[in-house]
Structure formats: structure tokens, C-alpha cells
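J.: model the structure of this input:
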Amino acid sequence: MSPRDLAHDPPPDLSPSPAEAPPHRVPALWLLVAMTGIGPFTMQIMIPSLPLIARDLGVSYGVAQLTLALYLAGVALGQLLYGPLSDRFGRRPVLLAGLGLFVVASALASAAAGIVTLTLARVAQAVGACTGMVLGRAIIRDVWPREQAASRMGYVVMGMTIAPMVAPMLGAVLENHFGWRATMIACLLGGLPVILATWHRLPETLKEPQPLPGLRGMLEAYLSLLRLSAFRWIAGVNAASIGCFFAFMSGAPLVSEAMGKTPRDYATAFLCISVSFACGSWIAGRYSSRLGTARMLWTGLRIGVVGAVAMLAIQLLLPHTLLGFFLPMAVIALGNGISMPNAVAAAVSVRPERAGTASGLLGATQMGVGALLTVLTGALEGGAGIATAIVMVACGTAAILALRRVPLATVGGG
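T.: Numbering: from 1, shown residues only. Below is the predicted model of the structure:
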């Protein structure tokens, strides 16, 4: 990648240093972890139960899988709304409203009598849960400039991985003892303390409210970002790289069941992926400020491509085992852990005054692509893991190609 002097390149980052941020406006990292992790936790906790949900509600696995695909679509929709709203009305009130919706939707999902009701409740659940994902990124960018933001995001993402690490195992245990509905009750019980902590401990970090003249204003805000080549390509990098993960989530339960494994086996194997992602996020938090976001992005994406190619080779050439399917994914997760915080930090730094809008559009792009890949992988995967691996190789390659088009100044040199 070579430097480019583009007419639409963003201006230099003139944000205040951490030392200049008023202490009362610096949020606690543990709270950022909690609000950001509630969405991935809710998404992951039901995945091991998808085959059981299909049998219990009398539908095919593909139909039951819509509870995941449409959950991702709900996250994408919610992020488009919350970014501009938080730029106008503040991070704190929008976050509280979203978390309230999440709690109500979790209660409805636990009582759903059919797949339609469950799917609609999951969409509402997603719309509520994604407030933490959007506003966690925006709050970090409110308080810290780009390189420091990448570091903080790395630590938050590392802590956030506890949620998807615990969720599949907890979901498998709850399903085994109490049925799949208990997973939704767990989401309800987990959301209540996050609301209370947000109410009592989260300061408002928005420096200056931005105008929001209705739906047209929201659309214009998004279009203003999409006109910037820097934002378009870095959003493509983020969506394509994390697309590997969504493709895996779609295919893995079916592949695991085809091997004769139980939901608990799946959840246990998934732990190695979560640990690997946490390690990558720790590396991002530790070295992004020192090495720069560009170098960290290249490192993470290359590791991810190596893992995807290894997965495809193993599925084609070696006997099918759970280890042979999950271990390459752990390599991909390590790369994602390194690249994702840096991609997010670069994207929300293109226009710092629109960090909430940028965060929402970035997340919507990511989840929209994820929803499409979930449906695509579910349709192609027959249980052998080959189709899932092919989709993941394509995603990793697309991320590398997109990064080559990102202006050097956008990602901080390197």
C-alpha cells in the first residue's frame, strides 16, 4: 500500500489527548465491556440450540437458522438508527432506551410459542442489544484520539470476548437442564444489571450535539461518510474480515452435528476460538499505539487468510474432525482480534465529529454482510465443512484487497 493524496482524504486528527479529557467524562472500561458484550452474548447463547429449536418448533434447520440471520439484520438496522440519534441526543439516553428494549424482547423470546414469534422477538432483542456495540465504540472515540482509541478498543474487545466465550457453554448447559427457553431468560437476567450500571455509572461523553433534521438528515449523514473513499474501503475491510466469523457461526453447528457431536461438544470447542480472539485483542491493545493501525491491520488480515486457507485444505485432504475444523478457526480469530479494533478505530476517526454515525454505519455494514453470509453459508453447507471454508477464504481475500485501497493517512501510517 502506497500513500495517496486524495481530494477526499480526512483532515489530520486534532482530537485532544487522553490527558486533556476531563476526568469525569472518562467511562470505566468494565462498563464499556459489559455494554459491548451483551450483543455478542445474546447472539451466541442460542446457536448450540438451533437443531433443538428446529425440532421443538417443528421447522427445518434452515428456518430455525433465520433466528440468527435476522438477529444480525436487526443489529444492522439498529446501528443505522442509534449512531445519528446518539450524535444528536447523547450517548447515555439512547443507550438506556436500547437496553430497555432488549430486556422486554428477551422476556418475549422466552415465552415464544412459534418460530415467527421467536424470530420477531430476536430481531427486537438485537435492535436493543446493539446500542452497546455502537455507543461503546463512539464513547471511546469521544474520549481518546485515534491511536489511543485503537488501544482502548483492543482492551475492550479482549474483555468483551468473555461474553461469546461463556455464552455457547452456558447455552448448552441451560438447554440440557431446562430447555432452550432458559437461554432467553439468562439474557433477561443479564440485561438488568447492565441497565442499572449504565444509569448510575456512565457519564455523558458527547462533546457537542450534532443537528439531526429528521430521516433526511440521517440519510445525508450516512451519505456524507459514504462519499469518502477512506471510509468506504475501511468499512469493507472490517465487514469482509469479520465475515469469516459469521460464515463459521452459520456452518459450524451443522458440521458439528454431522460429526455426531453434542451442543456441549460444540460449546467446548468454541472456547479455543474465544481465547484466541481474546489474545489477538490483547495484542491490539498492547501494540496498536506503538506500531500503528496500518501495520496491525496488515498483520491481522494476513493471519486470518492463512487460517482460512488451512481450514479449506484440511477439510479437502484430511479426515473430518472437530479439531481439524475448529483449530484453523482459532487462527482466524487471532487475526480478527488484531485487525478488528484497528479497523474500527480507523473508521470512526475519518470524521471524529461524526463518530456515532460512523460507528453505526460501520456496524450496520458488518452485520448486514454477516446476515447475508449466514444465509449463504447455511444454504451451501451440507455438513462436510467445505462450503464454510470456501466462503471464509473468499472473505479473507476480499479484506486484503480492500485494505490495499485504503489511503495510508487514514490508518495511521505503517
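J.: for the rest of this, base every contact and every neighbour count on C-alpha atoms.
T.: Fine.
J.: so who does F102 touch?
T.: F102 sits next to 124-129, 188, 191 when contact means Cα atoms under 8 Å, 6 or more residues apart in numbering.
J.: go through those and flag which are in helices.
T.: Among the contacts of F102, the members found in helices (DSSP state H) are 124-129, 188, 191.
J.: okay if I get these as CSV plus distance to G37?
T.: Shown next, in CSV, are these (distance: Cα to Cα, whole Å):
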residue, distance to G37
A124, 17
Q125, 14
A126, 12
V127, 14
G128, 13
A129, 9
L188, 14
G191, 11
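J.: for PyMOL, write the select line for the buried members of the residues you listed.
T.: Paste this into PyMOL to select the buried members of those, with burial taken from 16 or more other Cα atoms under 10 Å:
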select buried, resi 124+125+126+127+128+129+188+191
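J.: relative to P40, which of the ones in helices among the contacts of F102 is nearest.
T.: For the ones in helices among the contacts of F102, the residue nearest P40 by Cα to Cα is A129; the value is 8.6 Å.
J.: so what's the closest one up against?
T.: Listed by Cα under 8 Å, 6+ apart, the contact partners of A129 are 38-39, 42, 75, 98-99, 102.
J.: how close does V306 sit to T36?
T.: V306 is 28 Å from T36, where distance means Cα to Cα, to the nearest Å.
J.: all the strands of the stretch 51-200 of the chain, in order from the start?
T.: For the stretch 51-200 of the chain, no strands are identified by DSSP state E, counting those that start in this stretch.
J.: show me where pLDDT drops low in it?
T.: 144-155, 157-162, 164 (pLDDT under 70).
J.: can we see that at 80?
T.: For the stretch 51-200 of the chain, the stretches with pLDDT under 80 are 51, 60-62, 65, 76, 78-88, 90, 133-134, 136-166, 168-169, 176.
J.: could you pull out the helices for it?
T.: 61-64, 66-89, 91-110, 115-143, 146-160, 162-178, 181-201 (DSSP state H, counting those that start in this stretch).
J.: to A239, which of those helices lies closest?
T.: Among the helices of the stretch 51-200 of the chain, helix 66-89 comes nearest to A239, with 11.7 Å by Cα to Cα.
J.: now find how far off-centre that closest one is within its chain.
T.: 12 Å (Cα atoms, centre = their mean, to the nearest Å).
J.: give the other helices and strands that it contacts.
T.: helix 91-110, helix 115-143, helix 355-380 (3 or more Cα pairs under 8 Å, 6 or more residues apart in numbering; DSSP states H and E).
J.: can you put these in JSON lines and add distance to S339?
T.: Converted to JSON lines, these look like this (distance: least, Cα to Cα, whole Å):
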{"stretch": "helix 91-110", "distance to S339": "26"}
{"stretch": "helix 115-143", "distance to S339": "15"}
{"stretch": "helix 355-380", "distance to S339": "14"}
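J.: between those helices, which one is closest to A252.
T.: Taking the helices and strands packed on helix 66-89 one by one with Cα to Cα, helix 355-380 is closest: 9.6 Å.
J.: what are the buried residues along the helix or strand just after the closest one?
T.: Sequence order places helix 386-403 as the next helix or strand after helix 355-380, per DSSP states H and E. Using 16+ other Cα under 10 Å as the test for burial, helix 386-403 gives 386-400, 402-403.
J.: about what we covered before: more neighbours, V306 and T36?
T.: Using other Cα atoms under 10 Å, the more surrounded residue of V306 and T36 is T36, with 26 against 16.
J.: roughly how far does that one sit from I140?
T.: 11 Å.
J.: next: W282.
T.: Counting by Cα to Cα - W282 and I140 are separated by 17 Å.
J.: R404 now?
T.: 27 Å.
J.: between the two, which has more neighbouring residues?
T.: Set side by side, R404 and I140 show more neighbours around I140, with 26 against 15, by other Cα under 10 Å.
J.: quick one: the more buried one and V134, what's the gap?
T.: Taking Cα to Cα, one finds I140 at 10 Å from V134.
J.: apart from its neighbours in sequence, what residue is nearest L323?
T.: Once flanking residues are discounted, L323 sits nearest to A269: 7.7 Å by Cα to Cα, 6 or more residues apart in numbering.
J.: no, scratch that, I was asking about G243
T.: G243 sits nearest to G370 (Cα to Cα, 6+ apart), 5.6 Å away.
J.: tally of neighbours for that neighbour?
T.: Applying other Cα under 10 Å, I find that G370 has 27 neighbouring residues.
J.: quick check: it touching L70?
T.: No: judged on Cα atoms under 8 Å, G370 makes no contact with L70 at a distance of 10.1 Å.
J.: need the contact list for the closest residue to L29 other than its chain neighbours.
T.: Closest residue to L29 apart from its sequence neighbours, by Cα to Cα, 6+ apart: V156 at 6.7 Å. For V156, the contact set (Cα under 8 Å, 6+ apart) comprises 29-30, 32-33.
J.: how close does V156 get to P51?
T.: 32 Å.
J.: ok, F231 next?
T.: From F231 to P51 the distance is 39 Å (Cα to Cα).
J.: pick out whichever of the two has more residues nearby.
T.: Per other Cα under 10 Å, whichever of F231 and P51 has more neighbours is F231, with 27 against 19.
J.: and the strand or helix carrying the more buried one, which residues are buried?
T.: Taking DSSP H and E as the definition, one finds F231 inside helix 229-258. Of all the residues in helix 229-258, those buried under the rule 16+ other Cα under 10 Å are 229-257.
J.: off-centre distance for that helix?
T.: On the basis of Cα atoms, centre = their mean, helix 229-258 sits 10 Å off its chain's mean C-alpha point.
J.: average model confidence for it?
T.: Averaged across helix 229-258, pLDDT comes to 83.
J.: please apply the same query to stretch 291-303.
T.: For stretch 291-303, the per-residue pLDDT averages 85.
J.: name the residues of the strand or helix carrying S339 that are buried.
T.: Element membership of S339 [criterion: DSSP H and E] is helix 322-348. Neighbour counts using 16+ other Cα under 10 Å place 322, 324-348 of helix 322-348 among the buried residues.
J.: which residues does P27 contact?
T.: So P27 contacts 201-203 (Cα under 8 Å, 6+ apart).
J.: buried among the residues you listed? Make that a PyMOL selection.
T.: Here is the PyMOL command that selects the buried residues among those (16+ other Cα under 10 Å):
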select buried, resi 202+203
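J.: can the contacts of P27 go into JSON lines with extra columns for pLDDT and distance to H177?
T.: Output for the contacts of P27, formatted as JSON lines (pLDDT from 0 to 100; distance: Cα to Cα, whole Å):
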{"residue": "R201", "pLDDT": "81", "distance to H177": "35"}
{"residue": "L202", "pLDDT": "78", "distance to H177": "36"}
{"residue": "P203", "pLDDT": "77", "distance to H177": "40"}
